[in-house]
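Chemist: kindly generate the corresponding structure for this input.
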Amino acid sequence: MASWVLSECVLRPLPQVSPIPRTRIAANPIKLQTLQKNNFADLGFGSTRISSGRFRSWGVKVSAPLKVASTEEDEAERMRVNGVNGDEEEIEFDPGSLPPFKLGDVRAAIPKHCWVKDPWRSMSYVVRDVLVVFGLAAAAVYMNKWYVWPLYWVAQGTMFWALFVLGHDCGHGSFSNNPKLNSVVGHLLHSSILVPYHGWRISHRTHHQNHGHVENDESWHPLSERIYRTLDKTTKMLRFTLPFPLLAYPFYLWNRSPGKTGSHFEPSSDLFVPNEKKDVITSTVCWIAMAALLVGLSFVIGPIQLLKLYGIPYWVFVMWLDLVTYLHHHGHEDKLPWYRGKEWSYLRGGLTTLDRDYGLINNIHHDIGTHVVHHLFPQIPHYYLVEAVSTFNSN
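Modeler: Numbers count the residues shown, from 1 in each chain. Reported below is the predicted structural model:
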């Protein structure tokens, strides 16, 4: 049995690793509430899992799968708890077990049209969001009431977050099949909210390729005790004490996470390979141009007005990004596994993400809460993510 590492949240130091007993049930088992077939995503901020009739429905809050039973008796038991008898049951399972299926099984269950990228449809979301951004700003300036501004800050910060998600899709190539279009749109969207497009795109690709790996994941991973002991008091306070972790993203862009070196703006950073340096320089130049534009605007409309129109919504966007990222990669009552060495695989790592239901916000931020299938197949356009999971569940 593979040894595994559990971390309640990424902000805590990594404990000493010890092997899991070679039994079907973990030494400290986690309780899992299984779901009836087709029960999908009507769970508030709870998590949802992809499943099929052939495999376990993993239920809420934990994305780690159950080990396949090897005897006929265990197979009958597996079918029973998977909802064959129509009842919900609470069982115990080992979250470090190998998945009972392969990545190709998941891919095969997703309809073929869900892989088709429509650039016109993707651009329609960009146009929609940009119109909303400018409309909100115009309405706030026109009304200019003290009680309007806080509402504007929340709404506009949420829209900045929506723009980020569309730029994120450009970085994955799920926006269109045209790399130049993806790059142009991605730069316009991300630069407008002070994100270096290529620098972040490359580090985010590293995150997807290594998620769930203690050493190789790019961000929001547990810290080893060795790294934790090297942190000064200020870093520990900023990393472990709310609300500071919700404001971490801009600092991560400049300095990365503890234990890692380099910057998303620096072409020579070990984040990048030599043939990516020109891309990084391009994105850094675009970022500088946006920063210069904001400085110029401060002289035109005044620094206070710029703070109200852009500055505060920017920090609301940062909080959205940090909060959503945390929710997608950490359990709360239940722990999620982290792996090392040969224990890790792309499938196992991807399955340690969580889906979240944000209610009315789902459409605004382009269904980013449907995160498990996105982590496994980031090339699926956002407007097909829910259908992909729903179809998989119904098979």
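Chemist: Leu376 versus Lys112, what's the distance?
Modeler: Lys112 sits 16 Å away from Leu376, going by C-beta to C-beta, to the nearest Å. C-betas here are computed from N, CA, C, even on glycine.
Chemist: skipping adjacent residues, who's closest to the residue nearest the centre of the chain in space?
Modeler: Geometric centre of the chain, nearest residue: Thr325, 4.5 Å, by C-alpha atoms, centre = their mean. Of all residues not flanking Thr325 in the chain, Trp220 sits nearest, at 6.1 Å (C-beta to C-beta, 6 or more residues apart in numbering).
Chemist: Gly173 contacts Lys180, doesn't it?
Modeler: No - applying C-beta atoms under 8 Å as the test, Gly173 and Lys180 come out as separate, 11.7 Å apart.
Chemist: hang on, the earlier thing: wait, the residue nearest to Thr325 sits on Tyr326?
Modeler: Yes - assessed by C-beta under 8 Å, Trp220 is found in contact with Tyr326 at 6.7 Å.
Chemist: strands of this structure, start to end?
Modeler: In the chain, the strands defined using DSSP state E lie at 5-7, 30-33, 90-93, 336-338.
Chemist: what packs against the last one?
Modeler: Helices and strands in packing contact with strand 336-338 are listed as strand 5-7; criterion 3 or more C-beta pairs under 8 Å, 6 or more residues apart in numbering; DSSP states H and E.
Chemist: before we move on, back to that, ok, the residue nearest to Thr325 to Pro245 distance?
Modeler: According to C-beta to C-beta, Trp220 and Pro245 sit 10 Å apart.
Chemist: can you check Trp153 too?
Modeler: Trp153 is 20 Å from Pro245, by C-beta to C-beta.
Chemist: could you do His198 as well?
Modeler: 26 Å.
Chemist: okay, the two: which has more neighbours?
Modeler: His198 (25 against 19; other C-beta atoms under 10 Å).
Chemist: do you know how far the more buried one is from Pro274?
Modeler: Computed as C-beta to C-beta, the His198 to Pro274 distance reads 14 Å.
Chemist: now swap in Gly296 and tell me
Modeler: 35 Å.
Chemist: of these two, who's got more company?
Modeler: Gly296 (11 against 8).
Chemist: who's in contact with that one?
Modeler: For Gly296, the contact set (C-beta atoms under 8 Å, 6 or more residues apart in numbering) is empty.
Chemist: for the closest residue to Arg205 other than its chain neighbours, give its distance to Trp338.
Modeler: Excluding its sequence neighbours, the residue lying closest to Arg205 (C-beta to C-beta, 6+ apart) is Gly171, at 7.5 Å. Remark: distance between Gly171 and Trp338 (C-beta to C-beta) = 24 Å.
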